[in-house]
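In: let me see the structure of the following:
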Amino acid sequence: MYNLRRFILKHHFVILFILLEVISILLLARSQNFHRNRLVNGTNTVVGKVLESSSEVGNYFRLSKTNKELAEENAMLREQLSIVVDTMERSYDLVDSDTVYEYIPAQVVNNSTNQANNYIIINKGSVDGVERDMGVVSTKGIVGVVVDVGKHYASILSLLHSKSFVGVRFKGNQELGSLRWNTNDYRHGMVEDIPTHVELHQGDTVLTSSYSFIFPEDLMVGTVDELQSMASGTFNKARITFATDFATLRHVYVVKHHYKHEIDSLKSKFEP
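Out: Down below sits the predicted model:
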């Protein structure tokens with residue numbers, strides 16, 4: 001103890017300098033989305049490791065809830081599998097060379113919900129097959145889109161972002177709409193461009209549409225809270241509750257569309 005005290009007294013200026021440097025970097029990463037994303041996806045892998053370690057500590061105390069969610073998901077998948085097996089006369093490989101989508105599991109190491117433009121950082125990057133413009137989903141619903149990729153980490157443009165835009169449809173009547181986030185509430189979003197003749201009710205299900213090549217069709221988005229009539233009388237809006245709880249988001253899946261590059265190439269020929 002005496003030697004430790006002598007060491008601290010002798011080098012206290014250096015120790016104080018290092019401590020202040022670490023605190024400054026962490027404060028900068030937490031306060032600004034742009035800096036946080038660049039710190040993690042750039043050359044500073046150390047910050048990513050610190051965020052990941054911090055996230056793992058929190059996950060340890062949430063194991064019970066996580067296990068319950070995984071059990072519920074496994075039960076749902078088993079139910080779907082039994083339906084497939086029961087309705088087929090012969091067996092097929094559920095995953096083969098013709099599989100359109102692949103799911104890459106990842107852990108959330110940093111996430112914000114109280115900014116005007118929120119981002120998420122995950123612990124998977126280019127070495128894991130993650131690329132820009134891939135969709136990200138949770139066990140409950142969609143989460144966002146990959147916008148920046150490092151070697152071991154990637155940044156996600158969350159649904160809770162002013163520039164987020166997702167094509168959706170209502171399960172009951174198959175009508176299409178555009179999902180945006182302008183409610184400043186991490187629990188709710190707004191579906192716009194709804195024709196005035198469309199009837200909606202509280203609790204109606206909102207799903208991803210077939211026109212998106214980022215998300216698979218019919219993924220859960222949320223449920224309708226209320227229909228809002230617009231003064232123009234042409235289109236209405238509907239406030240929805242997100243299926244994904246962004247405040248407790250810990251585990252996600254990056255959605256890889258195996259034929260997206262081919263589709264993008266064909267689409268580019270028709271763009272002006």
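In: CA atoms for contacts and neighbours, from now on please.
Out: Fine.
In: export stretch 184-191 as PDB, just CAs?
Out: Output of stretch 184-191 as PDB, limited to C-alpha atoms (Å, rounded to 0.1, in the frame of the first residue of the first chain):
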ATOM      1  CA  ASN A 184     -40.200  12.800 -31.100                       C
ATOM      2  CA  ASP A 185     -41.300   9.700 -29.100                       C
ATOM      3  CA  TYR A 186     -39.300   6.500 -29.500                       C
ATOM      4  CA  ARG A 187     -42.500   4.400 -29.000                       C
ATOM      5  CA  HIS A 188     -44.400   5.900 -31.900                       C
ATOM      6  CA  GLY A 189     -44.100   6.600 -35.700                       C
ATOM      7  CA  MET A 190     -46.300   8.100 -38.300                       C
ATOM      8  CA  VAL A 191     -47.700   6.400 -41.500                       C
END
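In: buried residues, it. List them.
Out: 184, 186-191 (16 or more other C-alpha atoms under 10 Å).
In: now what about that stretch, what contacts it?
Out: 113-114, 116, 160, 177-183, 237-242, 245-247 (C-alpha atoms under 8 Å, 6 or more residues apart in numbering).
In: recalculate using a threshold of 7 Å.
Out: Outside stretch 184-191, the residues that touch it by C-alpha atoms under 7 Å, 6 or more residues apart in numbering are 113, 160, 177-183, 237-242, 245-246.
In: stretch 131-144 too?
Out: Taking C-alpha under 7 Å, 6+ apart as the rule, stretch 131-144 contacts 73, 145-149, 156-159, 214-215, 219-221, 243-244, 251-256.
In: in that stretch, which residues are buried?
Out: 131, 133-144.
In: any weak-confidence spans in the protein?
Out: 1-14, 22, 24-99, 231-232, 271-272 (pLDDT under 70).
In: do a quick rundown of the helices in it.
Out: Using DSSP state H, the helices of the chain run over 2-10, 12-31, 33-41, 45-60, 63-86, 260-268.
In: which among the contacts of stretch 184-191 end up buried?
Out: Neighbour-count burial (16+ other C-alpha under 10 Å) is assigned, among these, to 113, 160, 177-182, 237-242, 245-246.
In: looking at these, which two lie furthest apart in space?
Out: 113 and 177 (23.7 Å; C-alpha to C-alpha).
In: now the two most distant members of the buried residues of stretch 131-144.
Out: Using C-alpha to C-alpha for every pair in these, the one that comes out farthest apart is 131 and 140, at 22.5 Å.
In: tell me which of the contacts of stretch 131-144 fall in strands.
Out: Secondary structure from DSSP state E places 145-149, 156-159, 220-221, 251-256 of these in strands.
In: and for residue 211, the neighbour number?
Out: Using other C-alpha atoms under 10 Å, residue 211 is surrounded by 14 other residues.
In: contacting residues for the closest residue to it other than its chain neighbours?
Out: Distances taken as C-alpha to C-alpha, 6 or more residues apart in numbering place residue 167 nearest to residue 211, at 7.2 Å, with adjacent residues excluded. By C-alpha under 7 Å, 6+ apart, the contact list for residue 167 reads 177-179, 208-209, 212.
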